[in-house]
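Student: need a 3D model of the following:
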Amino acid sequence: MNNKYVIIRSDTKSISEAMTKSEAISKIKEYDKEGISAYIVSQDEGDRIKKSNFNIPKWD
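Tutor: Below you'll find the predicted structure:
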């Protein structure tokens, strides 16, 4: 399988470039160490979110 994933950061509301699952998990761990909340979604879902006015969940 050649699935790609993107990361959505809660602090900047930014969506990363597509990456492999292992790269995404590694990046999420780095963000966690820095105290940044983020989550992984599929590249297709990330593209859908970019095209919409999707409200990113707030963890506050």
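Student: quick check: closest non-adjacent residue to Gly46.
Tutor: Once flanking residues are discounted, Gly46 sits nearest to Val6: 3.6 Å by Cβ to Cβ, 6 or more residues apart in numbering. In short, each C-beta sits where N, CA and C put it, glycine included.
Student: for that neighbour, give me its contacts.
Tutor: Taking Cβ atoms under 8 Å, 6 or more residues apart in numbering, we find Val6 in contact with 15-19, 24, 40-43, 45-46.
Student: ok, now Thr12?
Tutor: So Thr12 contacts nothing (Cβ under 8 Å, 6+ apart).
Student: report pLDDT for it.
Tutor: pLDDT recorded at Thr12 is 85.
Student: quick one: what helix or strand has it in it?
Tutor: Using DSSP states H and E, no element contains Thr12; it sits outside every helix and strand.
Student: if I look at it, how far off is Ala38?
Tutor: 9 Å (Cβ to Cβ, to the nearest Å).
Student: then Asp11?
Tutor: 8 Å.
Student: more crowded one of those two?
Tutor: Neighbour count, other Cβ atoms under 10 Å: between Asp11 and Ala38, Ala38 has more, with 19 against 11.
Student: residue contacts, that one?
Tutor: With Cβ under 8 Å, 6+ apart, Ala38 has these contacts: 7-10, 27-28, 31-32.
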